[in-house]
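Undergrad: Mind looking at a prediction? Sequence and model below.
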Amino acid sequence: MADDLPPELGAPRETLVDYETQSLERGTYIMAVVHLYRGEVARANAWRMRLDQTTNWAIFVTASALGFAFGTTEASHFSLQFANVLLFFLLTFEARRFRFFDVWRARIRKIESNFFAPILRRDLSSPEEAWAGQVARDLDEPHFHLTRIQAMRSRLVRNYLPIFGVVLAAWLIKLDIHPAPTTNFSELYDRCQLGTLPGWVIISGVALFYAMLLWILVFGRAKRRAPGLDNWDIGEIVTEESIP
């Protein structure tokens, strides 16, 4: 009996499957793909929940800043710009999480469009001939499919653009009504001053911040590629150490 148990596996030799020499039956292949798909969906859902958590933090930060800024007339308008700094940090953090989510989402879309969709159409030819090889290579060495700037643009468009807009509007309203409504632009400009910093410095900083957001919107757009020519090796290799 000892001869029937490979020391490295501890299983009967006749129960081992040699994939290099034995043929893979169609039913076994379909079952393997289905289980792979279920696993990828589970991982994508887990990362989807982490994305929602970060967005909830951003909403909480915004609500807290608005409550503090408009709670009293003496509250500084700088609290709203400080909220912008925290929101930008959360945006970069969420974009990083989105890149990991996209790793699983990209595999899911490959399987759905090239495996399940042909089955439902009763057309057993996949749109992409080499899709299985792409998924297999990505399983061996997972790569990010979005750059950092593309991930930031995606989260900015989906969630953070309205939040930054609310903070900007609230900042202007705060300057206008506290401690009393302004009567002219010169008075509004004077209220932009923060301590020893003149108003033009604060205005320039705010303008540069929102110009940076605009730059992300313009230059973070993902390039369109022809079907079947997806570049799955855009970013660095995904490792366990890089997972947040």
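TA: Everything's here; your move. Just so we're clear, the structure is a prediction, and the values are computed from it rather than from any experiment. Residues are numbered from 1 along each chain as shown.

Undergrad: I'd assumed E129 was in contact with N114.
TA: No - at 9.0 Å, N114 does not count as touching E129 under the criterion of C-beta atoms under 8 Å. In this view, the C-beta of every residue, glycine as well, is placed from N, C-alpha and C.

Undergrad: If you count surrounding residues, which of these two has more?
TA: Neighbour count, other C-beta atoms under 10 Å: between N114 and E129, N114 has more, with 20 against 10.

Undergrad: residue contacts, the more buried one?
TA: S126, P127, E128, W131, A132 (C-beta atoms under 8 Å, 6 or more residues apart in numbering).

Undergrad: please redo it, this time with the cut-off set to 6 Å
TA: S126, E128, W131 (C-beta atoms under 6 Å, 6 or more residues apart in numbering).

Undergrad: Can you tell me which of those is nearest L139?
TA: Proximity of the contacts of N114 to L139 (C-beta to C-beta) peaks at W131, which lies at 12.7 Å.

Undergrad: about what we covered before: any chance of the contacts of N114 in a markdown table, plus neighbour count and secondary structure?
TA: Below are those laid out as a markdown table (neighbours: other C-beta atoms under 10 Å; DSSP: H, G, I helix; E, B strand; the rest coil):
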| residue | neighbour count | secondary structure |
| --- | --- | --- |
| S126 | 16 | coil |
| E128 | 15 | coil |
| W131 | 17 | helix |
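
Undergrad: CA atoms only for stretch 213-222, dumped as PDB, please.
TA: Taking C-alpha atoms only, stretch 213-222 is exported to PDB below (Å, rounded to 0.1, in the frame of the first residue of the first chain):
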ATOM      1  CA  LEU A 213      -9.300  67.600 -11.200                       C
ATOM      2  CA  LEU A 214     -10.100  68.900 -14.700                       C
ATOM      3  CA  TRP A 215      -6.700  67.600 -15.900                       C
ATOM      4  CA  ILE A 216      -7.600  64.100 -14.600                       C
ATOM      5  CA  LEU A 217     -10.900  64.200 -16.400                       C
ATOM      6  CA  VAL A 218      -9.300  65.200 -19.700                       C
ATOM      7  CA  PHE A 219      -6.200  63.000 -19.700                       C
ATOM      8  CA  GLY A 220      -7.500  60.100 -17.700                       C
ATOM      9  CA  ARG A 221      -9.800  58.800 -20.400                       C
ATOM     10  CA  ALA A 222      -9.000  55.200 -21.400                       C
END
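
Undergrad: Tell me which residues of it come out buried.
TA: Neighbour-count burial for stretch 213-222, counted by 16 or more other C-beta atoms under 10 Å, picks out L213, I216, G220.

Undergrad: For that stretch, which outside residues touch it?
TA: With C-beta under 6 Å, 6+ apart as the criterion, stretch 213-222 contacts I149, Q150, M152, R153, L156.

Undergrad: secondary structure element for G71?
TA: Using DSSP states H and E, G71 sits within no helix or strand.

Undergrad: For V167, see how far away it is.
TA: 16 Å (C-beta to C-beta, to the nearest Å).

Undergrad: Which of the two has more residues huddled nearby?
TA: Neighbours were counted for G71 and for V167 using other C-beta under 10 Å; V167 has more, 20 against 10.

Undergrad: For the protein, which residues score under the pLDDT cut-off?
TA: Low-confidence segments of the chain (pLDDT under 70): 1-22, 24, 222-236, 239-244.

Undergrad: Turn the buried residues of stretch 213-222 into TSV, columns for distance to H35 and secondary structure.
TA: Output for those, formatted as TSV (distance: C-beta to C-beta, whole Å; DSSP: H, G, I helix; E, B strand; the rest coil):
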residue	distance to H35	secondary structure
L213	42	helix
I216	39	helix
G220	35	coil
